[in-house]
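Colleague: sequence first, predicted model second:
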Amino acid sequence: MAFNINGAKEKYDVIIVGSGAGGGMSGYVLAHAGLKVLMLESGPFFDPAKDSLQLRWPWESPRRGASTNRAFGDFDGAFGGWEIEGEPYTNTEDSEFRWFRSRMLGGRTNHWGRISLRFGPKDFKGGSFDGATDDWPITYDEVKPYYDKVDVLLGVYGTNEGLENDPDGIFLKPPKPRLHELMLTEEAKKKGIPVIAGRCSVLTQPLKNNSQRGICFNCGQCGRSCKAYADFSSSSALVIPAIRTGNLEVLPNSLVREVLVDGGGLAKGVSYINKEDMQEYQVYGEQVILAASACESARILLNSKSRQHPQGLANSSGVVGKYLHDSTGVSVSAYLPQLKDRKRYNEDGVGALHIYSPWWLDNSKLDFPRGYHIEYGGGMNMPSYGYLSDLPRFNGALAKVDGTVKKSGGYGRSLKEEYRSYFGTKVVLAGRGLAMARKDNYCEIDPNTVDRYGIPVLKFHYKWHDAEIKQGKHMQDTFHDLFTDMGAVITSEYVGIERNYGLKKPGEIIHEVGTVRMGDDPKTSALNKWCQAHDCRNLFVVDGAPFVQQGDKNPTWTILALSMRTSEYILEQRKKHNL
Amino acid sequence: MYKMKRRDALKAIGVSVMASGLLFHRCSSEKANRVVSRINLDLKDGRELWERERFEELNSYTFFDQHEKETLVELVDLILPADEHSLSASEVEVPDFIEFIVKDQPELQQPMREGLKWIDDYAKQQFQAIFVGITIGQKTHILDRIAYPEQERSELQLGISFFTLLRELTASGYFTSKAGIDYLGYVGNRPNVWEGVPTEILRQFQLTHLIT
């Protein structure tokens, strides 16, 4: 395909690639400081106030909410998914990484779980703590002021517990637990598993000095992105306020191919494909910030080959694409027969965790490093496609709890009544844990495949190792024990080692990070501790790519804190004319 | 105080829509105008263009023929019949939902078509007539043999798999309809104030000690 390359006349102070958590925060900070910022987004503009499908009923979707078009259902706030037509990626033979992309303003923050956990001191310095992983070049104490500022700027609920590796924050009041959550809490506590309030970025109270964002009205649908701006979505909470300053423009439907460099090897702008006319364009800025998502940013850098940077930009060390890691995940579901025929009331609550369990065990007694946290789901949720689809397999076992003998399956009036009786009795325990950053889990450019825009695609190499698999076994065993001891009817099959004890495939938890890692040594890292490229001082990366090593914590709150920190550093360095 | 703030939040739903409209009027450069036109092109009713086009395409043809549709109506009403308090599956248009979903998920087409053929063949073999032509007693005789998957009847495997799939689709269609949701008693999906589990429920389950 032949493209005309169209150069722009205007030059911006800063070009930001991507509008999710990292790009949104950077745009917000820099636009408010008065810089002229251009943000390129590969998908459409999305304003939750106008475009969210919040409060729609299942019958308003002809597929009743099924996930045919959108990976998390027809009303979900993420456009895209693990597979996007015309935008393939490949895996080597024994690898099965799955790459979730959400191409829209705000990216994946429009639908994420809003679980906003800080990394703790041991997460930043895991290597010094137990030697299992690499240390970050920064400590918790260096990042703490930014976590604090993010808490105040965006809002997060929770409780201060004084836990060593699950640091306290500046919290709004958490939502109260639901009935099944109390039952699970009681059982967990018997087993010594601590249960505390969830920590999620949903406004349960008004946000100080912010009249743009409403407070939560308990519809439980944060996954659709909130029309009242009561959840943290980068679109509503960062990018749209940044546009209001008059200093930030968004170019939607613009997929970046590469970062352009000048004769001296410094970044001068980016080239992108306008998805509407399929033409290639160039835009120029004094600094370039990549926030396209961990893998997409790595792809852009690896595709940015020049005479000055023959291995791709910021890649003289060869580490770009390496150390890819996604959280581990295991889920186990069950029916709680004690909730049969429960009284109906509205318990939609907040569309994020009401309770959770931070990691609680002593690793000296375990066969894997560090651990996982537990997320609790269930309740009288709005019915959707697949409503109690497994009930006819378990209604025999459920009847047995009452002492009656009955075959599973059936039809007719009695089955219809069972579908009603067991409404709101399904619960799920989900573990999210530490995956280790390894050099041999990586992505690279596939020399044989391009996407529909003619851009070379990524090829993945990713395998779980012993540490993750043993942790997965521990999760599955813990959840089965908890359910069994409280008389639940477990609906998840117990998975053996042949399928890694039920560990989700890498990429399925959508916490992938690590592909453009930071470090003090330019030989073993791509970025310095300010997320600034060692090889190119006016190039920065502010998504999950700079992470050295994740913990069992969801990455978003750390992406936000680091992006804010890097953006303030850029402002400082611009003043000093260092860029 | 809390409730007033909540009202403000609800008001914000309307206000935000207006505010975002104003937002784009303010942009004046050529590039900003492109932004505006692209927004309008991209999303209508919260759906991307390709989603809307796909919907039109799926609705442009019919998958089940008249006979298959009649058989489906009978089967879904046997699975979820009317009772004193609720409508039957066909009365809440479950067959139309199944017509849509097999086009939306084409991998369901073959099992559904083969299953509908299987049930006619089995009716003919047992009762010398197709499924819609046999008595209610004969119909339930057939369903009793395919509605309980744990029973080992390998010669009926195709019928059992078909019935399992059809039962799932019927439940999906029924309990996501307005009548089905009313029948279940789901009372959410509206602005609310969640203040925790009602006290009488805590007492019923002896969990009051967990509330601080």
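Modeller: That came through, no problem.

Colleague: what are the ranges of the helices in chain B?
Modeller: Along chain B, the segments classed as helices by DSSP state H run B:2-25, B:30-42, B:49-58, B:66-79, B:94-104, B:109-127, B:136-146, B:157-175, B:178-184, B:199-204.

Colleague: rank these by mean pLDDT and give me the bottom one.
Modeller: Lowest mean pLDDT within the helices of chain B: helix B:2-25, at a mean of 39.

Colleague: what about residue 196, neighbour count?
Modeller: Since no chain was named, I'll use chain A. Using other C-beta atoms under 10 Å in any protein chain shown, the number of residues around residue A:196 comes to 17. C-betas here are computed from N, CA, C, even on glycine.

Colleague: that was the other one, I meant chain B.
Modeller: 17.

Colleague: and if you look at residue B:84?
Modeller: Residue B:84 has 4 neighbouring residues, counting by other C-beta under 10 Å.

Colleague: and if you look at residue A:455?
Modeller: 19.

Colleague: could you dump the helices of chain B into CSV and include distance to chain A and mean neighbour count?
Modeller: Shown next, in CSV, are these (distance: least, C-beta to the nearest C-beta, whole Å; neighbours: other C-beta atoms under 10 Å in any protein chain shown):
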stretch, distance to chain A, mean neighbour count
helix B:2-25, 3, 15
helix B:30-42, 4, 15
helix B:49-58, 5, 13
helix B:66-79, 5, 19
helix B:94-104, 5, 21
helix B:109-127, 13, 17
helix B:136-146, 6, 16
helix B:157-175, 4, 23
helix B:178-184, 5, 19
helix B:199-204, 6, 12
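
Colleague: okay if I get those as a markdown table plus distance to residue A:296?
Modeller: Shown next, in a markdown table, are these (distance: least, C-beta to C-beta, whole Å):
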| stretch | distance to residue A:296 |
| --- | --- |
| helix B:2-25 | 27 |
| helix B:30-42 | 20 |
| helix B:49-58 | 20 |
| helix B:66-79 | 45 |
| helix B:94-104 | 29 |
| helix B:109-127 | 35 |
| helix B:136-146 | 49 |
| helix B:157-175 | 35 |
| helix B:178-184 | 39 |
| helix B:199-204 | 47 |
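
Colleague: out of the ones you listed, nearest to residue A:448?
Modeller: helix B:49-58 (26.7 Å; C-beta to C-beta).

Colleague: okay, angle between that closest one and helix B:94-104 too, please.
Modeller: Interaxial angle, helix B:49-58 versus helix B:94-104 (axes from the mean of the first three to the mean of the last three C-alpha atoms, to 10 degrees): 120 degrees.

Colleague: quick one: residues contacting residue A:115.
Modeller: A:198, A:199, A:200, A:352, A:353, A:356, A:375, A:554, A:556 (C-beta atoms under 8 Å, 6 or more residues apart in numbering or on different chains).

Colleague: the first one touches residue A:351, doesn't it?
Modeller: Just to be clear, that refers to residue A:198. No. With contacts counted by C-beta atoms under 8 Å, residue A:198 stays clear of residue A:351, the gap being 11.0 Å.

Colleague: which residues of the stretch 401-550 of chain A lie near chain B?
Modeller: A:407, A:408, A:409, A:410, A:411, A:412, A:413, A:415, A:416, A:419, A:420, A:423 (C-beta under 8 Å from any C-beta of the partner chain).

Colleague: the residues you listed in strands, which ones?
Modeller: Among those, none falls in strands (DSSP state E).

Colleague: what subset of the residues you listed is buried?
Modeller: Buried subset of those (neighbour count, 16 or more other C-beta atoms under 10 Å in any protein chain shown): A:408, A:409, A:410, A:411, A:412, A:415, A:416, A:419, A:420, A:423.

Colleague: which members of the residues you listed are positioned in helices?
Modeller: Using DSSP H, these in helices are A:415, A:416, A:419, A:420.
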